[in-house]
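J.: from the sequence below, what's the structure:
(one chain, ligands or ions: 2)
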Amino acid sequence: MAKTHSTFFCKSCGASSAKWVGKCPACGEWNTYIEEVVHKEKEDFKSTWKKEGIVTSRKPILLTHVEQGNEIRIPLKDQELARVLGGGLVPGSVVLIGGEPGIGKSTLLLQVALQFKDFKVLYISGEESETQIKMRADRIPFNNENCFLFTETSTQKIGKAFKELQPDLVVVDSIQTLQSDLIDSTPGSISQIKETAGDMIRFAKETGTPVFLIGHITKDGTLAGPKLLEHMVDTVLQFEGDRHHVYRILRSTKNRFGSTNEIGIYEMQSGGLREVSNPSEILISQREEALSGVSISATLEGMRPLLIETQALVSAAVYGTPQRNSNGYDAKRLNMLLAILEKKCGLRMGTQDVFVNIAGGLRIEDPGIDLSIVASIVSSYESMPVDSKICFVGEVGLSGEIRAVSRIEQRISEAEKLGFKTVYLSKFNKLPKSKTSLKIVEVSKLDEMLGFLFG
Ligand code: TYD
Ligand code: MG
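T.: Ligands and ions are numbered 1, 2, ... in the order given. Purely as a prediction, here's the structure:
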C-alpha cells in the first residue's frame, strides 16, 4: 500500500499545494485551502476500460491537417435541451448540469436517457437505488429498452462497465458521489471530484461518447465541485426555478459548442418534465377583471422573447421600517426603483411596504423589466389598474430616465402575436413605426410615463 499524505486544495479553483497557504497563488482567493488525504497507486482508471482501436493517438498535429469538423450533432428529442446545447449533442462532449436539490436534474436526465430509443444508455447513480429510479422512470412517458442502470460509485468499477457495455451515452448522477479507489478522501471532496470528473472526461474524449454529469450546488456554495468542474467540462447548464412552482429554466453558462444565450423552459408535471415551447401564453395569468398592481413586461430570457406578468403590492407600513420583498426580481434594483419614485416622481414610498413578484416563479435578470415593475408598483399604490392590453419594456436609470433595451423588434413582435395593443418603450429605442401594428408610446422619463398611465 502506498504511503498516505495530505495535500491542500483550493476550494475555489482546485489548485493544490503541499502546505497550507492563506491566499491561493492561482486564483487569489483568501482562506480557501483545505486539507485532504491523498494516496495514489500506479493503476490507472484508463487501463480498466481502454480498448484497442478506440483510443486516439496523442501526437502533435498540424492545425491545417486537422480534419474539418463537419459539426456532427446527435439530434435530441427534447427540443428545449437541444436548443440550449446549441442544436444537439456533440459526440464526446461532457455536459455538467447543476441545480439545487429537488429541482428535477435526475428527472431531466432520466427522461433524456429514455428518449434515446436506439441508443445504449448507461445511467450511473450513486444517489438512488434501482427501484427508486425505476419508480421515477414509470412516471415518465418514454421507454428505452436499451437503458442500463448501474448503482455504483467507484470509477474503477464504472470503467469496467464501460468496457463491457460500450455505451453510446452515459449519465452520471451525481459527480459528487463518485469516488476513485486511488484516493483516500471522501466522495465530494475536491481531490475526488477532480479525479473522477477527469476519468469521465477522458472516457468521453477518447471514445467519443457524450457524458452528462449531474452536479450539486448548495446555496452558500460550500461545495467546491461545480466551480472547479466548470473549467474541466465542455458545457455547463444550470437548472433553475422555484421548487414550489412548476416552471423550470435550463440555462447554459458555458458552452464550447454553441452560444450561451439560449434557454429551455420546462413545466414539472406528474408525468415528468414537459417542454414549454410557447412560454408567454402560460406565464400571463388569466384574469377577467382588471386588477391593480399587475402589468406585463416584454422581456427576454436568453434570446427568447417572453411576455411575463409582474405583480406588486404596496400598502401602508405598519412598522417603523417599511418592508421590501422581492421574488424573482433583484431586491437591490427594487430599492433603487423605489428611491427614484420617491425622489423624481414625488411618491411617498418611504411609508409603504412594497412586495414584488414575478409570475410563474421565474427569476428575471433582464433590466428591460424595470418599466413594468414601476408600472405595477404605482398601479398598486394608486389602486388604479393598468389596461391588460398594454405591455412595457425599458430600463430605468438613476435619474428616472428610460433607457433603450436590446432586441426590441423581437420583443414587440412577440407582444403583437399575443394580442397586445399598446407598448410603452424608451424614446431611444428607435423602431420604425411601419414594422408593427401595435400602438407605440415613446417615453423618456418615468414621470412622463406615469402621467400617461395614471393621469
Ligand atoms: P428530481 O429529479 O429527483 O430532482 P433532483 O435530481 O434535482 O434533486 O426531482 C425532484 C422533484 O420532482 C420531486 O420533488 C418530485 C418531482 N417530480 C414530479 O413532480 N413529477 C415527476 O414526474 C417526477 C419524476 C418528479
Ligand atoms: Mg437527483
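
J.: I figured Glu100 hits Arg243, correct?
T.: Yes. Under the criterion of CB atoms under 8 Å, Glu100 lies in contact with Arg243, with a separation of 7.1 Å. The way it works is simple: take the backbone N, C-alpha and C, and place the C-beta from them, glycine included.

J.: those two: which is more packed in?
T.: Between Glu100 and Arg243, counted using other CB atoms under 10 Å, Glu100 has the larger neighbour count: 17 against 14.

J.: lowest-confidence helix or strand of this structure?
T.: Least confident element among the helices and strands of the chain, by mean pLDDT, DSSP states H and E: helix 45-49 (a mean of 52).

J.: what sits closest to the closest residue to ligand 1 within the stretch 351-455 of the chain if chain neighbours are left out?
T.: Nearest to ligand 1, among the residues of the stretch 351-455 of the chain, is Gly361, at 13.9 Å (CB to the nearest ligand atom). Counting by CB to CB, 6 or more residues apart in numbering, the nearest residue to Gly361 once its immediate chain neighbours are dropped is His245, at 2.7 Å.

J.: next one: that neighbour from ligand 1, what distance?
T.: When CB to the nearest ligand atom, to the nearest Å is applied, the distance between His245 and ligand 1 equals 11 Å.

J.: ok, that residue touching Gly360?
T.: Yes. Counting by CB under 8 Å, His245 sits close enough to Gly360 to count as a contact (6.1 Å).

J.: which stretches of the stretch 201-350 of the chain form strands?
T.: Here the stretch 201-350 of the chain has its strands, by DSSP state E, counting those that start in this stretch, at 211-216, 235-241, 247-255, 263-269, 272-275, 294-301, 304-316, 324-327.

J.: so which of those strands comes closest to Ser93?
T.: Proximity to Ser93, assessed across the strands of the stretch 201-350 of the chain by CB to CB, is greatest for strand 235-241 (6.3 Å).

J.: ok, residues contacting the closest one?
T.: Counting by CB atoms under 8 Å, 6 or more residues apart in numbering, strand 235-241 makes contact with 84-85, 93-100, 103-105, 108, 226, 229-230, 247-257, 361-363, all of which sit outside it.

J.: strand partners (parallel or antiparallel) of that strand?
T.: Based on DSSP bridges, the pairing partners of strand 235-241 within the sheet are strand 94-99 (parallel), strand 247-255 (antiparallel).

J.: got JSON lines for these, with mean pLDDT, mean neighbour count and distance to Gly293 too?
T.: Shown next, in JSON lines, are those (pLDDT from 0 to 100; neighbours: other CB atoms under 10 Å; distance: least, CB to CB, whole Å):
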{"stretch": "strand 94-99", "mean pLDDT": "92", "mean neighbour count": "26", "distance to Gly293": "31"}
{"stretch": "strand 247-255", "mean pLDDT": "88", "mean neighbour count": "20", "distance to Gly293": "21"}
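
J.: of these, which approaches ligand 1 most closely?
T.: Comparing the strands paired with strand 235-241 by CB to the nearest ligand atom, strand 94-99 comes nearest, at 5.5 Å.

J.: any idea how far the closest one is from the chain center?
T.: The gap between where strand 94-99 is centred and where its chain is centred comes out at 10 Å by CA atoms, centre = their mean, to the nearest Å.

J.: that one to strand 211-216, inter-axis angle?
T.: For strand 94-99 against strand 211-216, the angle by axes from the mean of the first three to the mean of the last three CA atoms, to 10 degrees is 30 degrees.

J.: got the CA coordinates for strand 94-99 in CSV?
T.: Taking only C-alpha atoms (Å, rounded to 0.1, in the frame of the first residue of the first chain), the coordinates of strand 94-99 have been written out as CSV:
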residue,chain,number,x,y,z
VAL,A,94,-19.2,16.4,-21.4
VAL,A,95,-22.2,18.3,-20.1
LEU,A,96,-22.5,19.3,-16.5
ILE,A,97,-25.9,20.1,-15.1
GLY,A,98,-26.1,21.9,-11.8
GLY,A,99,-29.0,22.9,-9.7
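
J.: helix or strand next in line after it, which one?
T.: Counting by DSSP states H and E, the next helix or strand C-terminal to strand 94-99 is helix 105-115.

J.: the inter-axis angle of the helix or strand in which Leu453 is found versus strand 294-301?
T.: Taking DSSP H and E as the definition, Leu453 sits inside helix 446-454. Taking the same axes, to 10 degrees, one finds helix 446-454 and strand 294-301 inclined to each other by 130 degrees.

J.: tell me how the chain divides into domains.
T.: Taking automatic domain parsing as the reference, the chain has its domains at 1-41, 74-275, 285-454.
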